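Engineer: Pasting the sequence and the predicted coordinates here, then a few questions.
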Amino acid sequence: MLNNIWPVFIIISFSYAIFSGNLEHLNSAIFQSTSDAIMLSIDLLGTICLWNGIMQIASKTSLIDKLTNLLSPIIKILFPEIKKNKHIQKEISMNMIANILGLGNAATPLGLKAMKSMQKNNPQKDTLTNSMLVFIVLNTASIQLIPTTVIAIRNSLGSSNPTSIIFPVWIATICAAIARNSNCYVNY
Amino acid sequence: MQAVNFISSLAMPLIILLIVTYGLIEKNKVFDDFLEGAKEGIEIVFSILPTLVGLFVAIGALRNSGILDMMIRIITPILNVIQFPSEIMPLAMLRPISGSGSIAVATDIMKTYGVDSSIGIIASVIMGSTETTLYTIAVYTSSVKIKKTRFVLVASLVADVVGMLVSVGICKILS
């Protein structure tokens, strides 16, 4: 995927900048972007280590079995391929819970851990399995009870009712989620 | 508002507290377990770092070259036909590819048009109901060295468009 998108992004934006004489902006953006990527990686290093460690503790307790049982009806419908793999189900349910609670910086580490486990059972190591596909699509869906980031922005800008958007956000998220999953079933 | 703030700041500490306490109750060596997991975390970060550098340069170039503005000018007439407010368009274009970029643009839109104006509310709803799709897909696939991603990008982008159209629609109905 990135083998196609990446060069397209580079070619259209670099040639447009050259033709429109916007080179100074472009040059500073290139260096700014590399350091942004490294800054993000350093941030991620901390949160991913923390949450991977916490997840490791959790995976050895019965707490996580209880949560997995709670979510298992949904997991079984979404991921029929891994019906028998309790270990992956646990990791997927932790990721789902982090997403629902709006813990974005916990959801990514937990999600990557689940991807790693699913990759172990993948017969074609360079291709996404159906479960991986559904899982990634689920993680692009921003399923959360309370959209904390945007509420914080609204609050800082002095909104008279920062939380008024919660209900519309739910409706939009649900519609998008339905579109995602029907897309998956159509394309299998 | 206070209740929402409280619940959202409670979520993370409560989860960690619960997990560590549970580990202790079941007599596990919790710190050894923690270290085992954390070590694995380092590997994950190093495996996605090159992807992040490459992706960020391409997206930084896209944002700063001025080509997004040109594309927005081209599609504005189409947007007017389906009554999609063109003020939202920079956000809609940037949302799937850049997390920090879309936060900046959304904040700017809310400031310019008013945080409680209909444009400001639409921008908020779009921010709350969508994710940085391209980043998510790139990180998840590159962490396990997947090259063939099948239709995952198309499925996610179609859903993003649906989410944004519904955001605009629901805000117009409710206001």
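Structural biologist: Perfect, I can see it now.
Engineer: give me the residue from chain B nearest chain A.
Structural biologist: B:G37 (2.8 Å; C-beta to the nearest C-beta). Every residue, glycine included, has its C-beta placed from N, CA and C.
Engineer: residues contacting the nearest residue to A:L26 once chain neighbours are set aside?
Structural biologist: Nearest residue to A:L26, sequence neighbours excluded (C-beta to C-beta, 6 or more residues apart in numbering or on different chains): A:A17, at 4.2 Å. By C-beta atoms under 8 Å, 6 or more residues apart in numbering or on different chains, A:A17 lies in contact with A:23, A:25-26, B:61, B:64-67.
Engineer: now do 10 Å
Structural biologist: Residues in contact with A:A17 (C-beta atoms under 10 Å, 6 or more residues apart in numbering or on different chains) are A:23-27, A:29, B:61-62, B:64-67.
Engineer: pLDDT below threshold where in chain B?
Structural biologist: For chain B, the stretches with pLDDT under 70 are B:1.
Engineer: elements contacting the lengthiest helix in it?
Structural biologist: The residue-count maximum for a helix in chain B (DSSP state H) belongs to helix B:30-64. Judged by 3 or more C-beta pairs under 10 Å, 6 or more residues apart in numbering or on different chains; DSSP states H and E, helix B:30-64 is in contact with helix A:2-20, helix A:23-59, helix A:104-120, helix B:2-25, helix B:67-81, helix B:89-94, helix B:99-113, helix B:133-142.
Engineer: tell me the angle the second one makes with helix A:2-20.
Structural biologist: What it means is helix A:23-59. 150 degrees (axes from the mean of the first three to the mean of the last three C-alpha atoms, to 10 degrees).
Engineer: For helix A:23-59, name the packing helices and strands.
Structural biologist: Here helix A:23-59 touches helix A:2-20, helix A:63-78, helix A:86-100, helix A:104-120, helix B:2-25, helix B:30-64, helix B:99-113, going by 3+ C-beta pairs under 10 Å, 6+ apart.
Engineer: What residues of it count as buried?
Structural biologist: For helix A:23-59, the neighbour count (16 or more other C-beta atoms under 10 Å in any protein chain shown) marks A:25-26, A:29-30, A:33-34, A:36-37, A:40-41, A:44-45, A:47-59 as buried.
Engineer: and it with helix A:63-78, angle?
Structural biologist: Using the same axes, to 10 degrees: helix A:23-59 against helix A:63-78 is 120 degrees.
Engineer: Run the chain-centre distance for the longest helix of chain B.
Structural biologist: 16 Å (C-alpha atoms, centre = their mean, to the nearest Å).
Engineer: ok, now stretch A:84-93?
Structural biologist: That offset, for stretch A:84-93, works out to 17 Å (C-alpha atoms, centre = their mean).
Engineer: what's it in contact with?
Structural biologist: By C-beta under 10 Å, 6+ apart, stretch A:84-93 touches A:55, A:58-59, A:64-65, A:67-72, A:74-76, A:78-79, A:81-83, A:110-118, A:120-121, A:131, A:134-135, A:138.
Engineer: Which positions within that stretch qualify as buried?
Structural biologist: A:85, A:88-93.
Engineer: Quick one: residues contacting residue 152.
Structural biologist: If you meant another chain, say so; for now it's chain A. Counted by C-beta under 10 Å, 6+ apart, A:A152 has contacts A:162, B:5, B:8.
Engineer: The intended chain is chain B.
Structural biologist: Shown in contact with B:V152 (C-beta under 10 Å, 6+ apart): A:1, A:128, A:132-137, A:140, A:180, A:183-184, A:187, B:133, B:136-137, B:140-141, B:146.
Engineer: Give the helix, strand or coil label for the residue of chain B positioned farthest from its centre.
Structural biologist: The outermost residue of chain B relative to its centre, with distances by C-alpha atoms, centre = their mean, is B:K27 at 38.7 Å. Judged by DSSP: H, G, I helix; E, B strand; the rest coil, the three-state class of B:K27 is coil.
Engineer: Now it. Its backbone dihedrals?
Structural biologist: Backbone torsions of B:K27, given as degrees, to the nearest 10, read phi 60, psi 40.
Engineer: Distance check, it against A:T61.
Structural biologist: 10 Å (C-beta to C-beta, to the nearest Å).
Engineer: ok and the residue in chain A nearest chain B?
Structural biologist: The nearest approach of chain A to chain B comes at A:Q56, 2.8 Å away (C-beta to the nearest C-beta).
Engineer: In contact with the nearest residue to that residue once chain neighbours are set aside, which residues?
Structural biologist: Leaving aside its sequence neighbours, A:Q56 sits nearest to B:G37 (C-beta to C-beta, 6+ apart; 2.8 Å). By C-beta under 10 Å, 6+ apart, the contact set of B:G37 is A:48-60, A:109, A:113.
Engineer: if you set the cut-off to 8 Å instead, what comes out?
Structural biologist: Contacts of B:G37 (C-beta under 8 Å, 6+ apart): A:52-57.
Engineer: Ok, A:E81 next?
Structural biologist: By C-beta under 8 Å, 6+ apart, the contact list for A:E81 reads A:129-131.
Engineer: Which one, of the helices and strands packed on helix A:23-59, ends up nearest to B:I74?
Structural biologist: Taking C-beta to C-beta, helix A:2-20 is the member of the helices and strands packed on helix A:23-59 nearest to B:I74, at 12.7 Å.
Engineer: from the middle of its chain, how far away would that closest one be?
Structural biologist: That offset, for helix A:2-20, works out to 26 Å (C-alpha atoms, centre = their mean).
Engineer: Output it as PDB, restricted to C-alpha atoms.
Structural biologist: Output of helix A:2-20 as PDB, limited to C-alpha atoms (Å, rounded to 0.1, in the frame of the first residue of the first chain):
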ATOM      1  CA  LEU A   2       2.600   2.600   1.100                       C
ATOM      2  CA  ASN A   3       4.700   1.500  -1.900                       C
ATOM      3  CA  ASN A   4       2.100   3.100  -4.100                       C
ATOM      4  CA  ILE A   5       0.900   6.000  -1.900                       C
ATOM      5  CA  TRP A   6       4.200   7.300  -0.600                       C
ATOM      6  CA  PRO A   7       5.800   8.000  -4.100                       C
ATOM      7  CA  VAL A   8       2.500   9.600  -5.200                       C
ATOM      8  CA  PHE A   9       2.500  12.000  -2.200                       C
ATOM      9  CA  ILE A  10       6.200  12.800  -2.700                       C
ATOM     10  CA  ILE A  11       5.900  13.400  -6.500                       C
ATOM     11  CA  ILE A  12       2.800  15.500  -6.500                       C
ATOM     12  CA  SER A  13       3.800  17.700  -3.600                       C
ATOM     13  CA  PHE A  14       7.400  18.200  -4.500                       C
ATOM     14  CA  SER A  15       6.600  19.000  -8.200                       C
ATOM     15  CA  TYR A  16       3.800  21.300  -7.200                       C
ATOM     16  CA  ALA A  17       6.100  23.100  -4.700                       C
ATOM     17  CA  ILE A  18       8.700  23.500  -7.400                       C
ATOM     18  CA  PHE A  19       6.300  24.900 -10.000                       C
ATOM     19  CA  SER A  20       4.500  27.200  -7.600                       C
END
